[in-house]
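Novice: no sequence on this one, just coordinates:
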Ligand SMILES: NC(=O)c1ccc[n+]([C@@H]2O[C@H](COP(=O)([O-])OP(=O)(O)OC[C@H]3O[C@@H](n4cnc5c(N)ncnc54)[C@H](OP(=O)(O)O)[C@@H]3O)[C@@H](O)[C@H]2O)c1
């Protein structure tokens, strides 16, 4: 796809909380992988130039030690890179962050499962992003914790009433979680793992649409490989690869662009947040906002899986 098509607005907009954002957004989890932080800053600024106005982050997106644990060097935080890169542009974009998972000083993961720990995470996000209020905070739901969801979401709702948070969302959520949370406070978005190869949330996606809630899938490109990132052509995980490649060839685009376009074709309330630490990849991903899939493409991509498909 050519450079004039690189416009995050090309897939239209959605109202997320009180802000209208382009449906093509950006996920910042991959930004800390490169010890040269000037690259991440370039990626973020280029994203803004291309019209991206919805960024997803978390205070625990950091390296080394965080989810994408690529050393070496002093710890780099995605939130602080955003603060450094966006400066005065910060008010033009919506910053979504998430709380729940907790990175302990010894590198192990735990859950911020009490109102006090969640407040600590909100305060950490405010400090690292350098803002007075967080635009959107997703509670990433951890199962098997002692404190009920209602109490955890309720703690965030209280911080919303205090003005520390503008809007609330959920991540890793089931429909029952959404129903429970909505009894406490409005839910602006649901962020779950969902992609061409990793399905299962169709009902939740549909219900979000009916209720005017954004559905924000993550791992649209990485699929079942999740944090491990994009799969290699030889990877047995690549279920649907033949169809994806066929559709990509039809349009003269990459398979990653097809995966992103498929995501955006799941409904007007579905937002994409592809993550990358590479400017060229960012440009390709934003260009996918302009890719229109035909009924034939969607039928090819959506065919029922067969037992022969490897597990993606
Ligand atoms: N709520 C949650 O629990 C949760 C969990 C995970 C992630 N997230 C959010 O979702 C966002 C998206 O997830 P993600 O970043 O892991 O996955 P993704 O967007 O599905 O894929 C990222 C992977 O694909 C590669 N990639 C991206 N664009 C490419 C392109 N055009 N060509 C070739 N390779 C490309 C990246 O490597 P390069 O860096 O080399 O491009 C990386 O390996 C995250 O950044 C984060 O903000 C939320």
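Specialist: Structure's in. What do you need? Every value quoted in this text rests on a predicted model; they were computed, and no experiment measured them.

Novice: And the pLDDT for residue 68?
Specialist: Residue 68 carries a pLDDT value of 69.

Novice: correction: residue 269
Specialist: 98.

Novice: what residues are up against it?
Specialist: Shown in contact with residue 269 (CB atoms under 8 Å, 6 or more residues apart in numbering): 14, 208-209, 212-215. Yep, even glycine has a C-beta here, placed from its N, CA and C like the rest.

Novice: top of these by neighbour count?
Specialist: Within the contacts of residue 269, residue 214 tops the neighbour count with 28 neighbours, counted by other CB atoms under 10 Å.

Novice: so that one makes contact with residue 205?
Specialist: No - in this structure residue 214 lies outside contact range of residue 205 using CB atoms under 8 Å: 10.6 Å.

Novice: what sits in contact with each of the two?
Specialist: Any residue near both residue 214 and residue 205 by CB under 8 Å, 6+ apart counts here, and that gives residue 270.

Novice: one step back: in a markdown table: the contacts of residue 269, plus secondary structure and pLDDT.
Specialist: As requested, those are exported to a markdown table (DSSP: H, G, I helix; E, B strand; the rest coil; pLDDT from 0 to 100):
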| residue | secondary structure | pLDDT |
| --- | --- | --- |
| 14 | strand | 98 |
| 208 | helix | 98 |
| 209 | helix | 98 |
| 212 | coil | 98 |
| 213 | coil | 98 |
| 214 | strand | 98 |
| 215 | strand | 98 |
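
Novice: which one of those sits closest to residue 121?
Specialist: Distance to residue 121, by CB to CB, is smallest for residue 214 among the contacts of residue 269, at 21.6 Å.

Novice: Not counting residues beside it along the chain, what's closest to the closest one?
Specialist: residue 189 (3.8 Å; CB to CB, 6 or more residues apart in numbering).

Novice: Check whether residue 277 really touches residue 35, as I assumed.
Specialist: No - contact criterion CB under 8 Å: residue 277 and residue 35 do not qualify, at 10.8 Å.

Novice: out of the two, which sits in the more crowded spot?
Specialist: Per other CB under 10 Å, whichever of residue 277 and residue 35 has more neighbours is residue 277, with 20 against 14.

Novice: Grab the nearest non-local neighbour of the more buried one.
Specialist: Excluding the flanking residues, the one nearest residue 277 by CB to CB, 6+ apart is residue 30, at 4.5 Å.

Novice: Ok, residue 35 next?
Specialist: For residue 35, the spatially nearest residue (CB to CB, 6+ apart) is residue 73, at 4.4 Å.

Novice: Is the one you found located within a helix, as I assumed?
Specialist: No - the assignment for residue 73 (DSSP: H, G, I helix; E, B strand; the rest coil) gives coil, which keeps it out of a helix.

Novice: Could I get the phi/psi values of residue 22?
Specialist: phi -70, psi 140 (degrees, to the nearest 10).

Novice: Any idea how many residues pack against the nearest residue to residue 227 once chain neighbours are set aside?
Specialist: Nearest residue to residue 227 in three dimensions, chain neighbours excluded: residue 67, at 5.7 Å (CB to CB, 6+ apart). Neighbour count for residue 67, taken as other CB under 10 Å: 19.

Novice: Tell me if I'm right that residue 53 and residue 8 touch.
Specialist: Yes - under the criterion of CB under 8 Å, residue 53 makes contact with residue 8 at 7.1 Å.

Novice: Find residues that contact each of the two.
Specialist: Between them, residue 53 and residue 8 share these contacting residues under CB under 8 Å, 6+ apart: 22, 25.

Novice: And these two? Which one has more around it.
Specialist: Using other CB under 10 Å as the criterion, residue 53 and residue 8 rank with residue 8 on top: 26 against 22.
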